[in-house]
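Q: Compute the structure for the input listed below.
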Amino acid sequence: MAQIRPFRGVRPQPELAGDCVAPPYDVVSEAEARAIFQRNKRSFIQVTRPEVNLPEGVDSHSREAYAAGRLALQVLLAEQVLVREEQPALYLYGQRMGDHAQVALMALCSTAEYDAGTIKKHEFTRPDKEQDRVDHILGVQAQTGLVFLAYRRNEGVAAALKAAVVEPLFVVSSDDGVEHSLSRIVDPASIEALQAAFGQLSALYIADGHHRSAAASRVAARRPGSEGFLCGLFPDESLHCMAYNRLVRDLNGYTASSLRKALAEHFELSESASPLPAERGTFTMYLEGAWTLLRPLPGVVDEGDPVARLDVAVLQDRVLAPLLGVGDPRRDTRVEFVGGIRGPSFLQQAVDDKRAAVAFHMFPTGLDQLFAVADADRVMPPKSTWFEPKLAGGLLVNLLLQEIERFPGVCILTTNHFGTLDKALIRRIQLPRR
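A: Below you'll find the model as predicted:
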């Protein structure tokens, strides 16, 4: 069963939501984060990328940085840019990007279910990134990043969502033109119906947020009473999956002609008028000013293996590793992963400008493929999925603490497990000047 719990969310005041909502922490560089904060001192980026409140050069993974994030959250609460709900609620998070719209139910999910494997994974985590999320959660005393979960469409869930009593809170647009809306559900009957409906699901699947999920599990093991973690749950048919493409810096000693000859041992090559792959099971290559469609020859793909049959796995196993020498795509700096939102023109320009020698445009990995890999308890190759639109930061926060003590100009977040902020650290952190 899939357990969901309402919680007392921290959210922006409706009239200030446009200022507060920020890009996700992991899609902007430090320079971009600092620029966002300089333009807008109410941006939630100061919590998720707290180094913006510290001098340049400070370690963004230091105790001082996490303390700065905690203090920034306290300031936003003290100034009532952010407010905490008086009663537990579930939330609906809507997004619209062009003609595509999607809505997630936002709730606390169970770290026990994550540990038991009923919230299913499809990729490995890196220890350093996982530790960063643990330190951020404990340092800020809050879960500030959504875990993006998907589930197979379920008529009972759809009916409960349709029948729920919903209170709209705000609608804002981010700099990339995506519309974000937040509503809450406090009606007890609606909450009970949604919990019952989700309880009929046999599994939930992590679409994005493996490091945040793993970190929440580790925090829960240390902090009894913090077993819920902040999630946005999307039905599979509503999600917009895009390609995750590849650029390779050089041809590993091949010429364009000899590379094509080597590829022909495993693929049917044909000129392509379009840079987009024709269908699942194919991908395109941009080389020497032309796009080529590659279709695996019979017997090349192991159709019985949920991982080996992925297009990104075929590319890695038959092209990138044996021909172009990219044996470990997680660490090899000769390969660059490019989200499909940038479009094929970005790939083409990179090759034309000699920033890369060859580009590969993939067919999007589907949710059915993600589910199949996770159900088999396997992992996908790195950078297999790209979802748009991205989940914004600052719409909703889950505090780990039980109390908020208010003092002039700042809130001190306290629990039995953490004391107040180190006063020496507070003196070294520059409070935002509004």
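Q: okay, CA-based contacts and neighbour counts for the rest of this
A: Noted.
Q: Distance check, Ser258 against Leu251.
A: According to CA to CA, to the nearest Å, Ser258 and Leu251 sit 10 Å apart.
Q: Have a look at the two and say which one is more surrounded.
A: Set Ser258 next to Leu251 and count neighbours by other CA atoms under 10 Å: Leu251 wins out with 18 against 12.
Q: give me every residue that touches the nearest residue to that one once chain neighbours are set aside.
A: Sequence neighbours aside, Leu324 is the residue nearest to Leu251 in space, at 5.8 Å (criterion: CA to CA, 6 or more residues apart in numbering). Contact analysis of Leu324 by CA atoms under 8 Å, 6 or more residues apart in numbering lists 250-252.
Q: Let me see the confidence value for Leu324.
A: Leu324 is assigned 98 on the pLDDT scale.
Q: before we move on, back to that, I'd like to know which of the contacts of Leu324 is nearest to Asn398.
A: Distances from Asn398 to the contacts of Leu324, taken as CA to CA, are shortest for Asp250 (45.6 Å).
Q: follow-up on the earlier one: does the residue nearest to Leu251 sit in a helix, a strand or a coil?
A: Of the three states, Leu324 takes coil under DSSP: H, G, I helix; E, B strand; the rest coil.
Q: distance of it from Asp208?
A: According to CA to CA, Leu324 stands 29 Å off from Asp208.
Q: Settle this for me: Gly393 is touching Val21, isn't it.
A: Yes: between Gly393 and Val21 there is a contact under CA atoms under 8 Å: 5.8 Å.
Q: Looking at those two, which is more packed in?
A: Taking neighbours as other CA under 10 Å, Gly393 and Val21 compare with Val21 leading, 24 against 21.
Q: and that one, what does it touch?
A: Going by CA under 8 Å, 6+ apart, the list of residues near Val21 reads 43-44, 174, 392-395.
Q: Over to Phe337?
A: By CA under 8 Å, 6+ apart, the contact set of Phe337 is 244-247, 383.
Q: cool, Leu194 as well?
A: Residues near Leu194 by CA under 8 Å, 6+ apart: 157, 160-161.
Q: So which of those sit within helices?
A: Those of the contacts of Leu194 mapping onto helices are 157, 160-161, per DSSP state H.
Q: Dump the biggest helix by length in the chain to PDB, keeping only the CA atoms.
A: Criterion DSSP H: the longest helix present in the chain is helix 63-78. Provided in PDB are the C-alpha atoms of helix 63-78 (Å, rounded to 0.1, in the frame of the first residue of the first chain):
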ATOM      1  CA  ARG A  63      28.500  23.700   8.200                       C
ATOM      2  CA  GLU A  64      28.500  27.400   7.800                       C
ATOM      3  CA  ALA A  65      26.600  27.100   4.500                       C
ATOM      4  CA  TYR A  66      23.900  24.900   6.000                       C
ATOM      5  CA  ALA A  67      23.500  27.200   8.900                       C
ATOM      6  CA  ALA A  68      23.100  30.100   6.500                       C
ATOM      7  CA  GLY A  69      20.200  28.200   4.800                       C
ATOM      8  CA  ARG A  70      18.600  27.600   8.200                       C
ATOM      9  CA  LEU A  71      18.900  31.300   9.100                       C
ATOM     10  CA  ALA A  72      17.500  32.400   5.700                       C
ATOM     11  CA  LEU A  73      14.500  30.200   6.300                       C
ATOM     12  CA  GLN A  74      14.000  31.800   9.700                       C
ATOM     13  CA  VAL A  75      14.200  35.300   8.100                       C
ATOM     14  CA  LEU A  76      11.600  34.400   5.500                       C
ATOM     15  CA  LEU A  77       9.300  33.000   8.300                       C
ATOM     16  CA  ALA A  78       9.900  36.000  10.500                       C
END
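Q: hmm, who's touching the next helix-or-strand element following it?
A: Using DSSP states H and E, the helix or strand that follows helix 63-78 in sequence is strand 82-84. By CA under 8 Å, 6+ apart, the surrounding residues in contact with strand 82-84 are 8-13, 76-77.
Q: What sits closest to Tyr25 if chain neighbours are left out?
A: Computed as CA to CA, 6+ apart, the closest residue to Tyr25 that is not its neighbour in sequence is Thr48, at 5.6 Å.
Q: Okay, strands next: where are they in the stretch 251-400 of the chain?
A: Taking DSSP state E, counting those that start in this stretch as the test, the strands found in the stretch 251-400 of the chain are 267-271, 283-287, 290-296, 335-339, 358-361, 386-387, 398-399.
Q: Highest mean neighbour count out of those?
A: Across the strands of the stretch 251-400 of the chain, averaging neighbours per residue (mean count of other CA atoms under 10 Å) puts strand 358-361 on top, at a mean of 27.
Q: Can you list the strands that that one pairs with?
A: If you go by DSSP bridges, strand 358-361 pairs up with strand 244-248 (antiparallel), strand 283-287 (antiparallel).
Q: ok, residues contacting the first one?
A: Spelled out, it's strand 244-248. Under CA under 8 Å, 6+ apart, the answer for strand 244-248 is 334-340, 347, 356-362, 364, 383-386.
Q: try 7 Å this time
A: Residues from elsewhere that reach strand 244-248 (CA atoms under 7 Å, 6 or more residues apart in numbering): 334-340, 356-362, 364, 383-386.
Q: circling back: to Ala189, which of the strands paired with strand 358-361 lies closest?
A: Minimum separation from Ala189 across these (CA to CA) falls at strand 244-248, 41.6 Å.
Q: CA atoms of that closest one as PDB?
A: C-alpha atoms of strand 244-248 as PDB (Å, rounded to 0.1, in the frame of the first residue of the first chain):
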ATOM      1  CA  TYR A 244      18.200  13.000 -22.600                       C
ATOM      2  CA  ASN A 245      20.800  13.500 -25.400                       C
ATOM      3  CA  ARG A 246      24.600  13.000 -25.600                       C
ATOM      4  CA  LEU A 247      27.500  15.000 -27.000                       C
ATOM      5  CA  VAL A 248      31.000  13.400 -27.300                       C
END
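Q: how near is the residue nearest the centre of the chain to Gly18?
A: Nearest to the mean C-alpha position of the chain, by CA atoms, centre = their mean, lies Asp208 at 4.3 Å. For Asp208, the distance to Gly18 equals 24 Å [CA to CA].
Q: Then Phe360?
A: 37 Å.
Q: Also Ser190?
A: Separation of Ser190 from Gly18 (CA to CA) stands at 28 Å.
Q: okay but Val165 is in contact with Asp187, surely?
A: Yes: Val165 is in contact with Asp187 according to CA atoms under 7 Å; the separation is 6.3 Å.
Q: Quick check: neighbours shared by Gly393 and Val21?
A: Common contact partners of Gly393 and Val21 (CA under 7 Å, 6+ apart): Phe44.
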